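Engineer: predicted model follows, preceded by the sequence.
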Amino acid sequence: MADLPDYSQALPEALSCCNPLEAEHVALPKAAARVLREAVTADRDQPPFDRSAMDGFALRADAWAAEKDFRVVGSIPAGGTLPDGLELDPQADVVRIATGAAVPRDTTGFDAVVQIEKAQVTEGDSPTVRFTVEGVKPGMNIHQRGADATAGQEIIPAGTMLRPHHLGIAAAVGAGQVSVTRKPRVVILSSGDELRPIDTPLAELEPQQIRNSNGPMLVALLYAMGCEVVRQEHVVDEAQAVTEACTQAVADADLVITSGGVSVGQRDLFPATWPTLGYETVLHGVKMQPGKPVFVAKPQGDRSAKPQAACVIGLPGNPVSVLATAHLFAWPMVRRMLGLDPVLPWRRVWLSTPTKPNARREAFRAARFVGETREQVEVLPWQGSGDLSHTATAEGWVRLPASNTELHAGTPLMFLPLLGGYSDTAAH
Ligand SMILES: Nc1nc2c(c(=O)[nH]1)N[C@H]1C(S)=C(S)[C@@H](COP(=O)(O)OP(=O)(O)OC[C@H]3O[C@@H](n4cnc5c(N)ncnc54)[C@H](O)[C@@H]3O)O[C@H]1N2
Ligand code: MOO
């Protein structure tokens, strides 16, 4: 154990195995949660015209005077203009205008809008209006052309993970297609002859057999990270079968994730198989709990000669170890493949109740917030890494340094939120 790296040392090693994938063009509505590779620029000023911010009347600010009646000579709906050939006297006339309509500053000199609530209209064949305002200033209730962005300006930088508001920004400037990183293709291999499919009826399950809980959890985690799961496959604990499954997996994937079979048991076949397939072990064992036997491998030789060759992560089979190592290793690796900064969104929180760490290994523990400020966390009672039920109410992981001493309430800790759901998982 003394020779094993700790998590901070191991993570850069794991990250050295993967490179950003190439970009592809996708239609904007399909670009949510993808990573932008080419900046989006404004094709015209935003707003593209001097825009009325109110339903009201457009006028010249310097034409206004208290108790002065103006003639209402036209109306501009949003998306509309004044009729061609309309002649008006900007000192005596005003036009109705809708929120979102273009103020015809160039043709009329109108440079202000008074909202409808401050207008007393006298209807009739020749309607008039008087404004009950203290004064009218140029620019009043007008959102000026180019105030938000000017034509040619970069408005979404490359490297941005596109959220819904980015789709709105891109749509406004006509970016119907955007350049984004290709989704990493992932093959998930589970191992363990004790495993049965999740729909195995209870009556057909031997007491020593268990259901494959890591499979669906990993599929959902990989989708939440932004990957495409090519397949999830179960491999029997037999050398030839493992070799064949691994060979096919690297041919079909950018990232191969295995579950189980990475410790030192007779049937833990993955660590010995990868070197026979031209893979170099980068990491096998980290001084952490859970997840100690985690395994990472990359293609042997010059990585730059085959930058897109698949890399491999072996997650220790205990389900809590899978959940932890998927967050702590697979997620940053996927972020690098997506062209994102691999640093995870750790934040500082404070312990709400005394907690015992692991004496020899840095411990990662499922935790949940207490109180309303979401600054204090309670560590869920540790049940070992074999059973997931105790994580049901977890909201994230905390990092507990190895220590013989109990951590007191109020101790500052780092907290990593659990990955969330992603709607595409429904398709699998
Ligand atoms: N002699 C030693 N034994 C073990 C060590 C060690 O250092 N020396 N490390 C232990 C630690 S820590 C872990 S974690 C496990 C990881 O072992 P493997 O990655 O080889 O995993 P398996 O042995 O295949 O499985 C472990 C455990 O998890 C269950 N499992 C596996 N896959 C699934 C699945 N898809 N769904 C649900 N449960 C699964 C499996 O049945 C086992 O109970 O090794 C320790 N041993
Ligand atoms: O590291 Mo193992 O994951 O403690 O159970």
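Structural biologist: Yes, it's here. These numbers come from a predicted model, not from an experiment. Ligands and ions are numbered 1, 2, ... in the order given.

Engineer: make it CA atoms for all contacts and neighbour counts henceforth
Structural biologist: Will do.

Engineer: quick one: low-confidence ranges for the stretch 201-350 of the chain?
Structural biologist: Low-confidence segments of the stretch 201-350 of the chain (pLDDT under 70): 303-305, 307.

Engineer: get me the contact residues on it for ligand 2.
Structural biologist: Applying the criterion Cα under 6 Å from any ligand atom, the portion of the stretch 201-350 of the chain that neighbours ligand 2 consists of Gln289, Pro290, Gly291, Lys292, Asn318, Ser321.

Engineer: of all those residues, which comes closest to ligand 1?
Structural biologist: Asn318 (3.4 Å; Cα to the nearest ligand atom).

Engineer: from Asn214, how far off is that closest one?
Structural biologist: Applying Cα to Cα, to the nearest Å, the value for Asn318 to Asn214 is 8 Å.

Engineer: same question, Asp268
Structural biologist: 17 Å.

Engineer: ditto for Glu154
Structural biologist: Summarising the geometry, the distance separating Glu154 from Asn214, computed by Cα to Cα, is 43 Å.

Engineer: so the two - more neighbours on which side?
Structural biologist: Set side by side, Glu154 and Asn214 show unequal neighbour counts under other Cα atoms under 10 Å, the larger going to Asn214 at 22 against 14.

Engineer: any idea how far the nearest residue to the more buried one once chain neighbours are set aside is from Leu340?
Structural biologist: Excluding the flanking residues, the one nearest Asn214 by Cα to Cα, 6 or more residues apart in numbering is Pro319, at 5.9 Å. If you measure Pro319 against Leu340 using Cα to Cα, the figure is 27 Å.

Engineer: determine if any part of the helix ranked longest in the chain is in contact with ligand 1.
Structural biologist: As assigned by DSSP state H, the longest helix anywhere in the chain is helix 239-252. No. Counting by Cα under 6 Å from any ligand atom, no contacts exist between helix 239-252 and ligand 1, the nearest distance being 12.9 Å.

Engineer: chain center to that helix, what's the gap?
Structural biologist: Remark: helix 239-252 is offset 31 Å from the chain centroid, using Cα atoms, centre = their mean, to the nearest Å.

Engineer: do the same with stretch 51-61
Structural biologist: In terms of Cα atoms, centre = their mean, the centre of stretch 51-61 is found 40 Å from the chain centre.

Engineer: got it, and stretch 242-256?
Structural biologist: What separates the centre of stretch 242-256 from the centre of its chain is 27 Å, taken as Cα atoms, centre = their mean.

Engineer: what does it contact?
Structural biologist: 184-189, 230, 235-236, 269-270, 273-274, 277, 308-313 (Cα atoms under 8 Å, 6 or more residues apart in numbering).

Engineer: among these, which are in helices?
Structural biologist: Residues from the contacts of stretch 242-256 lying in helices, with DSSP H as the criterion: Phe270, Thr273, Trp274.

Engineer: I'd like the residues you listed as JSON lines, with neighbour count and distance to Ala63 appended.
Structural biologist: Formatted as JSON lines, the ones in helices among the contacts of stretch 242-256 follow (neighbours: other Cα atoms under 10 Å; distance: Cα to Cα, whole Å):
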{"residue": "Phe270", "neighbour count": "22", "distance to Ala63": "83"}
{"residue": "Thr273", "neighbour count": "18", "distance to Ala63": "85"}
{"residue": "Trp274", "neighbour count": "21", "distance to Ala63": "82"}
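
Engineer: show me which of those residues is closest to ligand 2.
Structural biologist: Nearest to ligand 2, judged by Cα to the nearest ligand atom, of those is Phe270 at 16.3 Å.

Engineer: that closest one contacts Val262, doesn't it?
Structural biologist: Yes. Applying Cα atoms under 8 Å as the test, Phe270 and Val262 come out as touching, 5.8 Å apart.

Engineer: so what sits against both of the two?
Structural biologist: Here Phe270 and Val262 have Gly314 as joint contacts, going by Cα under 8 Å, 6+ apart.

Engineer: what parts of the stretch 101-250 of the chain come near ligand 1?
Structural biologist: Looking at ligand 1, the residues of the stretch 101-250 of the chain close enough under Cα under 6 Å from any ligand atom are Ser190, Ser191, Gly192, Arg211, Asn212, Ser213, Asn214, Gly215.

Engineer: now the residues you listed as TSV including distance to Ala170 and secondary structure?
Structural biologist: Compiled in TSV, these are given as follows (distance: Cα to Cα, whole Å; DSSP: H, G, I helix; E, B strand; the rest coil):
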residue	distance to Ala170	secondary structure
Ser190	40	strand
Ser191	44	strand
Gly192	47	coil
Arg211	45	strand
Asn212	42	coil
Ser213	40	coil
Asn214	38	helix
Gly215	36	helix
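
Engineer: among the contacts of stretch 242-256, which ones are buried?
Structural biologist: By neighbour count, with 16 or more other Cα atoms under 10 Å, the contacts of stretch 242-256 hold 184-189, 230, 235-236, 269-270, 273-274, 308-313 as buried.

Engineer: list the buried residues in stretch 165-183.
Structural biologist: Of the residues in stretch 165-183, those buried under the neighbour-count criterion (16+ other Cα under 10 Å) are 166-167, 169-170, 173, 175, 177-183.

Engineer: what's the separation between the most far-flung residue of the chain relative to its centre and Gly168?
Structural biologist: Counting by Cα atoms, centre = their mean, the extreme residue of the chain relative to its mean C-alpha position is Asp125, 58.2 Å from that point. Applying Cα to Cα, one obtains 43 Å for the distance of Asp125 from Gly168.
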